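A.B. asks: quick one: sequence plus predicted model below, questions after.
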Amino acid sequence: MAEPALSIRGLTKVYDNGFTALKGIDLDVPQGDFFALLGPNGAGKSTTLGVVCSLVQKTAGKVSIYGTDIDKDFAKAKYNLGVVPQEFNFSQFEKVEDIIHAQAGYYGMPLREAKPRCNQLLKDLGLWDKRNGPARMLSGGMKRRLMIARALIHRPRLLILDEPTAGVDIELRRSMWEYMKRINQEEDTTIILTTHYLEEAESLCRNIAIINNGEIVKNTTVRSLLTELDTETFILDLAAPVEKPPRIDGFEVEQTEGSQLTLAVKKGQRLNDAFEQFSAQGINVVSMRNRANRLEEMFVSMVEGDNAKSREPAKAEVQS
């Protein structure tokens with residue numbers, strides 16, 4: 001069985017003030033996977049990735065990248081790793097191509113190898129015409145692309161994308177998604193994605209882990225996770241507008257527009273039962289589709305449930 005691209009065992013981080021950010025995390029990311037790591041702010045995502053990138057010192061545990069323990073040989077481990085952080089961390093006054101060339105030099109790539117690789121990345125990511133200009137002249141979306149090009153210059157086998165499309169318009173986001181899928185499929189680059197756009201995780205990723213309060217609360221495939229939804233919400237387009245949402249026994253119906261409704265269907269309910277009631281009231285549904293962010297519904301319910309458990313008072317021991 002192939003060595004995982006990333007293997008984490010018993011990862012713990014306790015800060016000087018006593019706060020435990022990570023509580024013994026175990027996690028494997030298979031080679032070639034497109035993996036999502038999700039969680040609310042403060043859940044432990046950034047701390048976990050910080051340890052992997054050697055930016056945060058762990059308290060206990062083991063982290064290996066393609067079989068190399070980062071404590072024993074981080075130089076070897078980091079050569080397999082590319083990171084796109086949330087914040088722009090390059091000089092805004094340097095030329096675009098110089099920023100990428102400098103990163104190549106950091107990894108010991110000779111210019112004769114780095115230059116054609118840089119040119120190809122600039123073309124692939126739509127930065128070719130901007131290569132000789134200063135980075136400060138790039139739009140926010142273009143700066144994100146520059147961060148990706150810089151992270152990929154040394155052909156890492158594992159790429160970490162930390163909120164790569166935050167603040168990027170929808171058109172740029174979609175083109176970046178396509179590029180990420182291509183390098184994952186064609187170049188076998190393992191990708192770990194953190195994102196607040198949960199439709200990205202559903203669209204791009206095969207496997208997913210959800211972290212909350214420093215613990216992995218779910219680690220499964222995206223497909224399996226979606227089957228656990230207790231409620232799925234559909235958007236219904238009507239042939240004619242209605243004045244108010246109809247009453248459909250057993251179902252929750254809300255009106256978003258005059259000719260558009262949302263229908264919440266709980267596990268075990270039959271869509272046909274709802275549609276029979278629509279028909280009986282003279283309401284003609286012409287089309288239906290899933291509401292976006294099905295993962296968000298699951299994510300919110302899981303995190304809220306986990307937080308509720310953490311707030312429960314400990315049961316008193318019975319004295320014999």
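C.D. replies: Everything's here; your move.
A.B. asks: when you work out contacts or count neighbours from here on, use the C-alpha atoms and nothing else.
C.D. replies: Will do.
A.B. asks: show me where pLDDT drops low in the stretch 51-200 of the chain?
C.D. replies: For the stretch 51-200 of the chain, the stretches flagged by pLDDT under 70 are 167.
A.B. asks: which residue ranges form the helices in the stretch 201-320 of the chain?
C.D. replies: 222-227, 271-280, 294-311 (DSSP state H, counting those that start in this stretch).
A.B. asks: need the least confident one among the ones you listed, by mean pLDDT.
C.D. replies: Ranked by mean pLDDT, those bottom out at helix 294-311, with a mean of 67.
A.B. asks: now do the same contact list for the residue nearest in space to the middle of the chain.
C.D. replies: The centroid of the chain falls nearest to residue 194 when counting by Cα atoms, centre = their mean (3.2 Å). When contacts are counted by Cα atoms under 8 Å, 6 or more residues apart in numbering, residue 194 touches 36, 37, 38, 45, 161, 162, 163.
A.B. asks: repeat that for residue 235.
C.D. replies: Counted by Cα under 8 Å, 6+ apart, residue 235 has contacts 260, 261, 262, 263, 288, 289, 290, 291.
A.B. asks: with residue 271 instead?
C.D. replies: Neighbouring residues of residue 271 by Cα under 8 Å, 6+ apart: residue 265.
A.B. asks: picking that back up, how near is the residue nearest to the centre of the chain to residue 184?
C.D. replies: Per Cα to Cα, to the nearest Å, residue 194 is found 16 Å from residue 184.
A.B. asks: got it, and residue 16?
C.D. replies: 39 Å.
A.B. asks: the two: who's more crowded?
C.D. replies: residue 184 (20 against 7; other Cα atoms under 10 Å).
A.B. asks: next SSE downstream of the helix or strand encompassing the more buried one?
C.D. replies: Assigned by DSSP states H and E, residue 184 falls within helix 170-186. As assigned by DSSP H and E, the chain's next helix or strand after helix 170-186 is strand 190-194.
A.B. asks: could you pull out the strands for the stretch 51-200 of the chain?
C.D. replies: Assigned by DSSP state E, counting those that start in this stretch, the stretch 51-200 of the chain shows strands spanning 60-65, 68-69, 81-84, 158-162, 190-194.
A.B. asks: the fourth one: partners in the sheet, and parallel or antiparallel?
C.D. replies: Note on strand 158-162: by DSSP bridges, its sheet partners are strand 81-84 (parallel), strand 190-194 (parallel).
A.B. asks: off-centre distance for the longest one?
C.D. replies: In this case it means strand 190-194. With Cα atoms, centre = their mean, to the nearest Å as the basis, strand 190-194 stands 7 Å off its chain's centre.
A.B. asks: with just CA atoms, put that strand into PDB.
C.D. replies: Taking Å, rounded to 0.1, in the frame of the first residue of the first chain, the C-alpha atoms of strand 190-194 are listed here in PDB:
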ATOM      1  CA  THR A 190      -1.900  15.700  -4.000                       C
ATOM      2  CA  ILE A 191      -3.900  18.800  -2.900                       C
ATOM      3  CA  ILE A 192      -5.100  19.700   0.500                       C
ATOM      4  CA  LEU A 193      -7.700  22.500   0.400                       C
ATOM      5  CA  THR A 194      -9.100  24.700   3.200                       C
END
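A.B. asks: next, the angle from that strand to helix 170-186.
C.D. replies: Inter-element angle recorded for strand 190-194 and helix 170-186: 150 degrees (by axes from the mean of the first three to the mean of the last three Cα atoms, to 10 degrees).
A.B. asks: could you measure from residue 45 over to residue 22?
C.D. replies: 9 Å.
A.B. asks: domain map for this structure?
C.D. replies: Listed by automatic domain parsing, the domain ranges of the chain are 6-226, 229-295.
A.B. asks: so how far does the first one reach from one end to the other?
C.D. replies: With Cα to Cα applied, domain 6-226 spans 24 Å between its terminal residues.
A.B. asks: past the helix or strand containing residue 27, which element shows up next along the chain?
C.D. replies: For residue 27, the element it lies in under DSSP H and E is strand 20-29. Sequence-wise, the next helix or strand downstream of strand 20-29 (DSSP H and E) is strand 34-38.
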